[in-house]
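**Student:** Got a sequence here, can you build the structure:
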Amino acid sequence: MTRLAVLAGFGSTVGTPAASIAWTDISQWVDIQQAGIAITRGAQDEQSESQTGTATLTLDNSDGRFTSGLATSPYFPNVRKNVPIWVRLVTTAKNLMPNPSFESGVTAWTGSGTPTRAASAVHVRTGAQAMLITWGATVSQTVTSPIFYGLEVGQRYTYSTYVWVPAGDCTVQVTVAGGAAGSISSLYDQWQRLTVSWTATTTSYQVRVRTSGTPAAGDQVWVDDGQVEEASSATAFDADGPQYHGRLWGMVNNWPTQWEGLESKVVITCSDRFKMLGKSPLRTMLTEEVLLDDPMAYYPMAEPSESTSAGDLSGTTAGPLSISGVGSGGDATFGSGEDSGPDGLGALSLTAVNASNGKLLAADLGSDYESATFGAWVFAECWFKTAVAGRVFFGLTSSDNRFQLVFSLDATGKMTVETTRTGEALVPATVLSPNLADNTWHHFVYDEFLGNIWVDGISYPVLVDAVANLRLLTVGAFTNSRLYNGSLAHIALYAPAVGNVADYVGHYATGSTQHVGEDADDRAARIASYVGATVTAQGSTFGGMASQAALGSAPLQHLQDVARTESAKLFADRESSAIVLQSRDVRYNPTAAISLAHADLETDDVRFDDDDQKLVNVFVGSRPGGATQRIVDQASRDAYGTYEQTESLLKETDHEVVAAGQWVVNRFADPPAEMRQLPVEAYTMPLATYRALLGAEISTVIDVTGLPDEANAAAVTVTVEGYTETIRYRQHHIDFHTSRADTAAAWVLNDPVYSVLGTTTRLAY
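**Tutor:** Numbering: from 1, shown residues only. Purely as a prediction, here's the structure:
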């Protein structure tokens, strides 16, 4: 039987870690009798990108519980946009108790009072282990099951479990959490079944095992073979517990309150994690890396050339850096270009007449930074490029000028840190760095906590006094002297309680290498992290990526660029908030996970198409900084005309672009007829088959057998690209979007199936 579990994370946000969300079961208010649940996920075909998955549900709002802003709602004030939601199905032959014989351990159970829980093989009724509870010497001790879902309001249920109480130890009882109490054990040194029955008033419950008296410390009980069933009394134990099948994990877009006559309902549409990935554009990769580390003040210096000030991107109260002059002459300009900033995307250029005449910038960092530096350690970083030694990058002072911290080069171009805690003369500490006045970009990180300064990823000890209450920032000079001559970018200031300097030092690799060559799965994880998302990689074939330093589009676009480069699949997980990047080798030489007979589909919508929708016989490929190359299947062009596909791929070499193009043309120069839709009335299938269909995900392979005589083959093998589904009471229609699985067949040397000359000799990449 199929049961529904719709969970809402009221009080949580899209940024709440999935493991920390407190789920509320709202299944009993979902209309699956008439409206049903409609879900769409994945792509239309293998040449398309996965779209944002959606689920539409109709909720009974007769008591106003789903009305946003209504104070009488039990969920007030958390009925709001982007509430996390998880749509799941529960399948079971009978038993609704998760892990009924404790074969997966006992950690999902929780204790109240002083009991401890452990897996034990001393007394076992089914399987290899049971749950051993050891009581403390206090009354009212309980051990509570995990939440189980899929109950029906008004239905009678029974919880039963077997217990083994050693002679002389405290007897035990089973109860429903917050409800009925059941039988108490009366036998010792043998298994005894305890039961409790109740009428469900909600769709999810927990049950408990508790002491029925006051135990002595060390009293024990073994518990095994728990069962929750739809019955007024216990029946034979079934070790096959429930299986949970996620259908969509996402967020509620809107809570629209409306009425049908006098009946209030709320029809919500929920979107998966792709929704948030398609929002605000990303800044440069280096900027996003810095922002991940929560700077208290951050000035990338990437303003337009006509700007007269530089802005703070940290999101705190740090003020803008405004340009002013010392003496006469000099220049201060912003700009972008090939030699502007470590990533070529913007920097401040200061041209001083001499050490005493030129331009500088100054900012009031505000009270937040001032307060932070009173009780925390100072960390700072900057990128610089200069050919003039003996000048100052920037300096920090307290409002009363007592505390001062200055970063500069000495007369020989070595990195220098200067401090004072008295407002008097600065005390310099020069590190043994190379001559950095060599007119190339360098990066430094100052670590007050450990007393180090890092230059281009290399650590140097520096002995200086700690400073506090810093508030005023001067860039390009200090006390109107030693005016800087060169370029500056990405000045970032941190004040954590305990800083992880490795994070700040890691920005050097981002700026100096742009992470060129990192594997596609790592690149995807990096980009996703900028918006608080995680990536789960499937498969093993992930190539090195070219630079994406500029970014500039929505995260989803950049992730799709990675996936397209790799011929990979990108989609939102339906069991968590993660994003899945599935490598192309997942599809190589596929093996069917499900076999369906055509007659069992119980639909009239099966069809085959042979058209030019997917035809590609000319591929024009390029890469950043590389050649534009063309791959042609002339036989296909002669037969069908020109069908050209143009792609710019994030490959490292021109050879990889050619390999990617050949893979496309080899597969689609003359695509044969295929089944593009596989509609299934899934609920009518046997339980094992139904569970397999619910487990079918993007790239799952399905055999369809027993096709009618008019089909071009008696059986076909298809790959799932996406699906739409409608879930109603005792009805579940799934319409899989499919493609031919054999287009992903790849040559294997001396293989009887995948090494047939002219048939299965396609080279994969």
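**Student:** pLDDT at Val748, what is it?
**Tutor:** Val748 carries a pLDDT score of 64 in this model.
**Student:** An error on my part: the question was meant for Lys569.
**Tutor:** Residue-level pLDDT assigned to Lys569 equals 97.
**Student:** so how many other residues sit close to it?
**Tutor:** 24 (other Cβ atoms under 10 Å). C-betas here are computed from N, CA, C, even on glycine.
**Student:** ok, now which ones touch it?
**Tutor:** 43, 50, 563, 580-582, 586, 698-699 (Cβ atoms under 8 Å, 6 or more residues apart in numbering).
**Student:** May I ask which of those has the most neighbours?
**Tutor:** Ranked by neighbour count under the definition other Cβ under 10 Å, these are headed by Leu581 with 25 neighbours.
**Student:** I'd guessed it sits against Ala524; true?
**Tutor:** Yes - the pair Leu581 / Ala524 is scored as a contact, 4.8 Å apart, by Cβ atoms under 8 Å.
**Student:** okay, and the common contacts of those two?
**Tutor:** 535, 537, 559, 562-563, 570.
**Student:** Just the ones of the residues you listed in strands?
**Tutor:** 535, 537, 570 (DSSP state E).
**Student:** Just grab the bridge partners of the last one for me.
**Tutor:** It stands for Leu570. Leu581 (DSSP bridges).
**Student:** sorry, back to before: nearest to Ala362 among the shared contacts of Leu581 and Ala524?
**Tutor:** Closest to Ala362 out of the shared contacts of Leu581 and Ala524 is Leu559 (39.9 Å), distances taken as Cβ to Cβ.
**Student:** Output the shared contacts of Leu581 and Ala524 as JSON lines; include the columns distance to Pro342.
**Tutor:** As requested, these are exported to JSON lines (distance: Cβ to Cβ, whole Å):
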{"residue": "Val535", "distance to Pro342": "26"}
{"residue": "Ala537", "distance to Pro342": "29"}
{"residue": "Leu559", "distance to Pro342": "24"}
{"residue": "Val562", "distance to Pro342": "22"}
{"residue": "Ala563", "distance to Pro342": "28"}
{"residue": "Leu570", "distance to Pro342": "29"}
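**Student:** Please list only the buried members of those residues.
**Tutor:** Buried members of the shared contacts of Leu581 and Ala524, scored by 16 or more other Cβ atoms under 10 Å, are 535, 537, 559, 562-563, 570.
**Student:** Greatest separation within these: which pair is it?
**Tutor:** Farthest pair in those (Cβ to Cβ) is Ala537 and Leu559. Separation: 12.3 Å.
**Student:** shared neighbours, these two?
**Tutor:** 524, 581.
**Student:** Let me see the contact set for the residue nearest in space to the middle of the chain.
**Tutor:** Closest to where the C-alpha atoms of the chain average out (Cα atoms, centre = their mean) is Thr534, at 2.5 Å. Contact analysis of Thr534 by Cβ under 8 Å, 6+ apart lists 525, 528, 577-579.
**Student:** if you set the cut-off to 6 Å instead, what comes out?
**Tutor:** Thr534 sits next to Ala578 when contact means Cβ atoms under 6 Å, 6 or more residues apart in numbering.
**Student:** What separation do you get for Trp249 and Asp465?
**Tutor:** 51 Å (Cβ to Cβ, to the nearest Å).
**Student:** Between those two, point out the one with more neighbours.
**Tutor:** Trp249 (24 against 13).
**Student:** tell me which strands and helices the longest strand seen in the chain is in contact with?
**Tutor:** Scanning the chain for the longest strand, with DSSP E as the assignment, gives strand 716-728. When contacts are defined as 3 or more Cβ pairs under 6 Å, 6 or more residues apart in numbering; DSSP states H and E, strand 716-728 sits against strand 37-42, strand 701-705, strand 731-740.
**Student:** Around Glu697, how many other residues sit close by?
**Tutor:** Using other Cβ under 10 Å, Glu697 has 20 neighbouring residues.
**Student:** Find the residue closest to it in space, skipping its chain neighbours.
**Tutor:** Val720 (6.9 Å; Cβ to Cβ, 6 or more residues apart in numbering).
**Student:** dump the residue contacts of that neighbour.
**Tutor:** Val720 neighbours (Cβ under 6 Å, 6+ apart): 696, 698, 700, 736, 738.
**Student:** Got the confidence number for the closest residue to Thr422 other than its chain neighbours?
**Tutor:** Nearest non-adjacent residue to Thr422, counting by Cβ to Cβ, 6+ apart: Arg402, 6.5 Å away. pLDDT, Arg402: 94.
**Student:** secondary structure element for Arg402?
**Tutor:** Arg402 is located outside every helix and strand, with elements delineated by DSSP states H and E.
**Student:** my read: it touches Glu424, true?
**Tutor:** No - in this structure, Arg402 is not within contact of Glu424 by Cβ atoms under 6 Å, at 9.2 Å.
**Student:** neighbour count winner among the two?
**Tutor:** Arg402 (15 against 10).
**Student:** Ala332 belongs to a strand?
**Tutor:** Yes - counting by DSSP: H, G, I helix; E, B strand; the rest coil, Ala332 is found in a strand.
**Student:** heads up, I number from 42, so please use that
**Tutor:** That works, and once the first residue is 42, the last one we named lands at Ala373.
**Student:** my guess is it contacts Ser390, does it?
**Tutor:** No - contact status for Ala373 versus Ser390: not in contact, 7.3 Å apart, counting by Cβ under 6 Å.
**Student:** So between those two, which is more surrounded?
**Tutor:** Legend: neighbour count by other Cβ under 10 Å for Ala373 and Ser390, higher for Ala373 (23 against 20).
**Student:** hey, where'd the helices end up in the stretch 492-641 of the chain?
**Tutor:** Here the stretch 492-641 of the chain has its helices, by DSSP state H, counting those that start in this stretch, at 542-546, 548-554, 561-570, 596-607.
**Student:** Kindly apply the preceding question to the chain instead.
**Tutor:** 315-318, 326-333, 407-416, 542-546, 548-554, 561-570, 596-607, 675-681, 695-709, 728-736 (DSSP state H).
**Student:** Tabulate those helices (CSV), appending distance to Thr453 and mean pLDDT.
**Tutor:** Below are the helices of the chain laid out as CSV (distance: least, Cβ to Cβ, whole Å; pLDDT from 0 to 100):
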stretch, distance to Thr453, mean pLDDT
helix 315-318, 49, 94
helix 326-333, 29, 97
helix 407-416, 30, 92
helix 542-546, 24, 95
helix 548-554, 22, 96
helix 561-570, 38, 97
helix 596-607, 43, 97
helix 675-681, 66, 96
helix 695-709, 44, 93
helix 728-736, 67, 96
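**Student:** looking at those, which is closest to Arg234?
**Tutor:** It's helix 728-736; of the helices of the chain, that one is closest to Arg234 (Cβ to Cβ) at 25.4 Å.
**Student:** Give the full set of residues in contact with the residue nearest to Val237 when sequence neighbours are not counted.
**Tutor:** The spatially closest residue to Val237, leaving aside those adjacent along the chain, is Gly223, at 2.6 Å (Cβ to Cβ, 6+ apart). Contacts for Gly223 (Cβ under 6 Å, 6+ apart) come out as 215, 236-237.
**Student:** Quick one: the strands in the stretch 392-541 of the chain, in order.
**Tutor:** Taking DSSP state E, counting those that start in this stretch, the strands of the stretch 392-541 of the chain run over residues 399-405, 420-427, 433-439, 445-450, 456-461, 468-471, 483-488, 493-496, 499-502, 511-516, 527-535.
**Student:** Tell me which of those sits nearest to Thr243.
**Tutor:** The nearest among those, by Cβ to Cβ, is strand 527-535 at 47.8 Å.
**Student:** Restricting to C-alpha, output stretch 574-590 in PDB.
**Tutor:** Taking Å, rounded to 0.1, in the frame of the first residue of the first chain, the C-alpha atoms of stretch 574-590 are listed here in PDB:
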ATOM      1  CA  ALA A 574      24.300  24.500  -1.800                       C
ATOM      2  CA  THR A 575      26.100  21.200  -1.900                       C
ATOM      3  CA  VAL A 576      26.900  18.900  -4.800                       C
ATOM      4  CA  THR A 577      26.700  15.100  -4.800                       C
ATOM      5  CA  ALA A 578      28.800  13.600  -7.500                       C
ATOM      6  CA  GLN A 579      27.800  10.300  -9.200                       C
ATOM      7  CA  GLY A 580      30.100   8.400 -11.500                       C
ATOM      8  CA  SER A 581      33.900   8.800 -11.900                       C
ATOM      9  CA  THR A 582      34.600  10.500 -15.200                       C
ATOM     10  CA  PHE A 583      35.200  14.100 -14.500                       C
ATOM     11  CA  GLY A 584      37.600  16.100 -16.600                       C
ATOM     12  CA  GLY A 585      39.600  19.300 -15.700                       C
ATOM     13  CA  MET A 586      37.900  22.600 -16.200                       C
ATOM     14  CA  ALA A 587      39.000  25.800 -17.800                       C
ATOM     15  CA  SER A 588      38.700  29.100 -16.000                       C
ATOM     16  CA  GLN A 589      35.300  30.500 -14.900                       C
ATOM     17  CA  ALA A 590      36.900  33.400 -13.000                       C
END
